[in-house]
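> Provided below for reference: sequence and predicted model.
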Amino acid sequence: MTTTKSKLGEALTSSRLVITAECLPPRTGGADAVKQLAALLPSKLDAVVVADNPEKIGGSPLACAGLLVREGLTTVLSMVTRDRNRIALESDALGAAAMGIDGILCLSGHHQSLGVSPQAAGVYDIDSIQFTQMVKSWDFAELLVGAAAHPYQQPLGLILLRLKKKIAAGADFLLTEAVTDLPGFTRWMEAVRAAGLDKKTAILASVKPGEGAAKLAAQLKTVPGVRGIHILSGGCEAQAAGVIQAAGLA
């Protein structure tokens with residue numbers, strides 16, 4: 001696991017619970033809209049993870065992440081391989097490093113036909129594992145690298161194999177899909193621990209704000225092998241603070 005001097009890097013290598021939250025780049029309002037967004041995000045976060053057009057087209061995630069850095073926030077930029085070839089991915093990741101962004105979350109992205117823009121052509125020049133490996137191969141850009149984990153996909157053996165590949169490629173942390181079934185997630189974590197993967201990277205369990213979110217987050221932080229909680233705000237950034245407080249996360 002990479003150690004950096006960033007707030008997130010220090011948190012990932014510490015013994016305390018790591019807390020992150022998602023934010024969606026605003027479509028309008030320019031820099032002022034991002035400044036307003038920054039004011040909604042809890043000060044106790046170890047990092048803000050800027051989403052990359054997950055469900056619909058929004059503002060530039062790179063621009064939003066850069067502006068959040070200017071507001072003093074530790075920032076991770078999500079980048080999906082669906083929309084960029086390797087030239088654009090490398091260029092934007094290097095730009096992120098130059099802007100003081102602390103990490104890259106390497107994702108494949110949901111297929112564009114599922115709602116983002118059915119008319120668009122997918123790129124998928126490289127996959128998220130290859131992208132992770134590419135960023136980690138740079139010895140001149142101290143970027144933390146994250147990847148996604150899918151606790152409910154089957155078969156479990158294949159999912160664990162992909163996790164092993166992501167970790168071998170250099171993933172410093174894994175953000176799970178939203179936890180909706182605690183017993184199912186607990187079984188997945190048992191398999192992860194049995195494979196020793198929780199010792200090789202930091203696993204952050206994701207929750208969505210809403211009824212029961214705080215209780216779920218409080219339960220997840222006690223699951224062995226879980227290093228942190230990630231709040232999938234889905235554009236409701238102001239609700240993240242409530243989840244953190246009610247769950248006793250910080």
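Looks like it came in fine. Residues are numbered from 1 along each chain as shown.

> Leu163: what's its closest spatial neighbour, skipping adjacent residues?
Leu197 (5.7 Å; Cβ to Cβ, 6 or more residues apart in numbering). C-beta coordinates here come from the backbone N, C-alpha and C atoms, glycine included.

> wait, isn't the one you found in contact with Ile167?
Yes: Leu197 is within contact range of Ile167, at 6.2 Å (criterion: Cβ atoms under 8 Å).

> which residues of the protein fall in helices?
For the chain, the helices defined by DSSP state H cover 7-12, 30-40, 61-70, 86-98, 128-136, 156-169, 182-194, 213-220, 239-247.

> Distance to His150, mean neighbour count and mean pLDDT added to those, as TSV?
Listed next are those as TSV, based on distance: least, Cβ to Cβ, whole Å; neighbours: other Cβ atoms under 10 Å; pLDDT from 0 to 100:
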stretch	distance to His150	mean neighbour count	mean pLDDT
helix 7-12	21	21	93
helix 30-40	28	16	93
helix 61-70	21	22	96
helix 86-98	21	16	96
helix 128-136	12	21	96
helix 156-169	6	16	96
helix 182-194	9	16	98
helix 213-220	16	20	97
helix 239-247	22	19	93
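
> Leu107: which of those helices is closest?
Among the helices of the chain, helix 128-136 comes nearest to Leu107, with 5.4 Å by Cβ to Cβ.

> Send me the closest one as CSV with only the CA atoms.
C-alpha atoms of helix 128-136 as CSV (Å, rounded to 0.1, in the frame of the first residue of the first chain):
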residue,chain,number,x,y,z
SER,A,128,-9.7,-0.4,-15.0
ILE,A,129,-7.1,-3.0,-13.9
GLN,A,130,-4.7,-1.9,-16.7
PHE,A,131,-5.4,1.7,-15.9
THR,A,132,-4.5,1.1,-12.2
GLN,A,133,-1.3,-0.5,-13.3
MET,A,134,-0.5,2.4,-15.6
VAL,A,135,-0.9,5.0,-12.9
LYS,A,136,1.1,3.0,-10.4
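
> With Gly9 as the reference, measure out to Leu73.
Distance of Leu73 to Gly9, computed by Cβ to Cβ, to the nearest Å: 15 Å.

> Revised request: answer the last question for Ile231.
Counting by Cβ to Cβ, the gap from Ile231 to Gly9 is 20 Å.

> pLDDT score assigned to Thr2?
Model confidence at Thr2, expressed as pLDDT, equals 53.

> Now do the residue nearest to Asp83 when sequence neighbours are not counted: how many residues are near it, please.
Leaving aside its chain neighbours, Asp83 sits nearest to Val123 (5.9 Å; criterion: Cβ to Cβ, 6+ apart). Applying other Cβ atoms under 10 Å, we find 17 other residues in the vicinity of Val123.

> do the same with Ser206
Neighbour tally, Ser206, other Cβ under 10 Å: 23.

> Find me whatever residue is spatially closest to it, sequence neighbours aside.
Distances taken as Cβ to Cβ, 6+ apart place His230 nearest to Ser206, at 4.4 Å, with adjacent residues excluded.

> does that neighbour really touch Val48, like I thought?
No: counting by Cβ under 8 Å, His230 stays clear of Val48, with 10.7 Å between them.

> Overlap of the contact sets of those two?
Residues touching both His230 and Val48 (Cβ atoms under 8 Å, 6 or more residues apart in numbering) are 20-22.

> from the residues you listed, which ones fall inside strands?
Of the positions in the shared contacts of His230 and Val48, 20-22 sit in strands, assigned by DSSP state E.

> Verify the contact between Ser108 and Val80 for me.
Yes: look at Ser108 against Val80 with Cβ under 8 Å: they come within range, at 6.4 Å.

> can you redo the shared contacts of His230 and Val48 as CSV with pLDDT?
CSV is the format used below for the shared contacts of His230 and Val48 (pLDDT from 0 to 100):
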residue, pLDDT
Thr20, 97
Ala21, 97
Glu22, 96
